[in-house]
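A.B. asks: I'll drop the sequence and a predicted model, then ask my questions.
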Amino acid sequence: MKWFQAAGVLLPVCLAWSPLYAQQSQAPAVLIERATSTKPGMADVYVGRVEAISKVEILARVEGVLEKRNFTEGGLVKRGDTLFQIEQGLYQASVDKMKSTLEGAKATARNAELDLQRQKDLLAKGDVSQATYDAAEATYQLDVAAIGEAQADLESAQINLGYTTITSPIDGRISRSLIDAGNLVSSDSGVLATITSTDPIYVVFFVSERDLVLKRQEGLIDENSSTLTVKLELSDGAAYQADGKIDYVSNQVETATDTVEVRAQFENKDDLLIPGQVVTVTFQDPGAADVVVVPQTAIQLDAKGHFVFVLGKDDTVERRDVKLGDQVGRDWVVQSGLKAGDPVVIQGLQKIHEGAKVTPTETQS
């Protein structure tokens, strides 16, 4: 009877303990990422500044009241888009007047031409003197010249009328409007707005004279071009996705710093690069051999050295001793111990050990 009572006490304890045991024995969850193959970066690091390829200041060319602003401040504009509209009334009236003046000059010239022909016929008959004919010819020539003058005045009036509609000369992003609609503007009013091109875009940085000489000796940089790929790191540490190419190398050394100005051009379709922005510049040699890289969170260190955990058969982790090279952004170069495609544990490392069975989840690249 006592035994059953003991069993009756022990049985609930066992039942309470079993779920806890099952929970503790469940395979821990880990996040894995596959080792990748990439071109190695070079050790050189430079501070660069982003510059627009084109920058245009919008000015008024004629005087008048600014009637409209046809853009969103800070927005993108296209070449030919209307930005500002200046009142047109006076300039349209001037065009109409010049058209009338031109038509009058043409009519006068036609009359003078007819008179000249009559004088020519009379001169042939001896009914008028040479002087009379010469006077008629001079009058005709003056009237023809008046047509040219009236035509020039009309074109000038049409040009001024065209200046009342201010359009964008380039594709780019426009600044805020510095003068509001309703104000009187003229060529002395200063800048109405500024447009900077955004795609492609420049990054300017300075390379030491020594570095430039070495890269030229290696054939990596020529006069205004280079076989090197230029890479950027943004202020948050993220790598900029598009690579750049050097398109300009200065022809002189900055004596104060012993550096040479270098410029690279980048695509900027997402407008991540903004003129004036500071970025980190590195080089990559496309001709260099590929290297294997893994996230730095995968790297472990103990008394034996650096190692990583690799997902093996049946979701069991294996230890791999590795030899590290340089750090590339968030990754480490692995000189030996791994190959591209190996699944490496990058999260959940504190819960596992060699030979442990895990529940893996792979990152989406």
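C.D. replies: That came in fine, so what should we check first? Numbering: from 1, shown residues only.

A.B. asks: residues in a beta bridge with K245, which ones?
C.D. replies: Partner residues in beta bridges with K245, using DSSP bridges, are Q265.

A.B. asks: what sits against it?
C.D. replies: 225-226, 229-230, 264-265 (C-beta atoms under 8 Å, 6 or more residues apart in numbering). The C-beta positions use only the backbone N, C-alpha and C, and glycine is treated the same way.

A.B. asks: which one of those is nearest S37?
C.D. replies: T229 (15.8 Å; C-beta to C-beta).

A.B. asks: what is the neighbour count of the closest one?
C.D. replies: 18 (other C-beta atoms under 10 Å).

A.B. asks: just checking, it touches V281?
C.D. replies: No: applying C-beta atoms under 8 Å, one finds T229 not in contact with V281, separated by 11.3 Å.

A.B. asks: tell me, how many residues neighbour V203?
C.D. replies: Neighbours of V203 using other C-beta under 10 Å come to 25.

A.B. asks: any idea how far T198 is from the residue minimising distance to the centre of the chain?
C.D. replies: Closest residue to the average C-alpha location of the chain: N268 at 2.9 Å, with C-alpha atoms, centre = their mean. For N268, the distance to T198 equals 6 Å [C-beta to C-beta, to the nearest Å].

A.B. asks: surely the residue nearest to the centre of the chain forms part of a strand?
C.D. replies: No: going by DSSP: H, G, I helix; E, B strand; the rest coil, the assignment for N268 is coil, not a strand.

A.B. asks: wait, it sits on I201?
C.D. replies: Yes: counting by C-beta under 8 Å, N268 touches I201, with 4.4 Å between them.

A.B. asks: how about R216, secondary structure?
C.D. replies: helix.

A.B. asks: wait, what's in contact with it?
C.D. replies: Here R216 is in contact with D222 (C-beta under 8 Å, 6+ apart).

A.B. asks: got the domain ranges for this protein?
C.D. replies: Domain segmentation of the chain under automatic domain parsing yields 26-40+290-362, 41-53+198-284, 61-86+167-195, 89-163.

A.B. asks: list the buried residues of stretch 202-213.
C.D. replies: Of all the residues in stretch 202-213, those buried under the rule 16 or more other C-beta atoms under 10 Å are 202-203, 205-207, 211-212.

A.B. asks: any idea how far that stretch is from the chain center?
C.D. replies: Here stretch 202-213 is found 21 Å from its chain centre; the criterion is C-alpha atoms, centre = their mean, to the nearest Å.

A.B. asks: ok, stretch 316-334 next?
C.D. replies: 34 Å.

A.B. asks: who touches that stretch?
C.D. replies: So stretch 316-334 is in contact with 30, 35, 38, 40-41, 43, 233, 237, 239, 291-296, 299, 304-312, 335-338, 342, 345, 352-358, going by C-beta under 8 Å, 6+ apart.

A.B. asks: inside strands: which ones of the buried residues of stretch 202-213?
C.D. replies: 202-203, 205-207 (DSSP state E).

A.B. asks: low-confidence ranges in the stretch 101-250 of the chain?
C.D. replies: 224 (pLDDT under 70).

A.B. asks: relative to the lengthiest strand in the chain, what are the paired strands and their orientations?
C.D. replies: Scanning the chain for the strand with the most residues, using DSSP E, yields strand 41-51. Partner strands and pairing direction for strand 41-51 (DSSP bridges) are strand 201-208 (antiparallel), strand 278-284 (antiparallel).

A.B. asks: list the buried residues in the shortest one.
C.D. replies: Of the residues in strand 278-284, 279-284 count as buried by neighbour count, 16+ other C-beta under 10 Å.

A.B. asks: ditto for stretch 62-70
C.D. replies: Buried residues in stretch 62-70 (16+ other C-beta under 10 Å): 62-64, 66, 69.

A.B. asks: report the two of those residues separated the most.
C.D. replies: Farthest pair in the buried residues of stretch 62-70, by C-beta to C-beta: E63 and R69, 17.6 Å.

A.B. asks: what kind of secondary structure is I58 in?
C.D. replies: Secondary structure of I58, per three-state DSSP, is strand.

A.B. asks: go ahead and confirm it touches I195.
C.D. replies: Yes: assessed by C-beta under 8 Å, I58 is found in contact with I195 at 6.7 Å.
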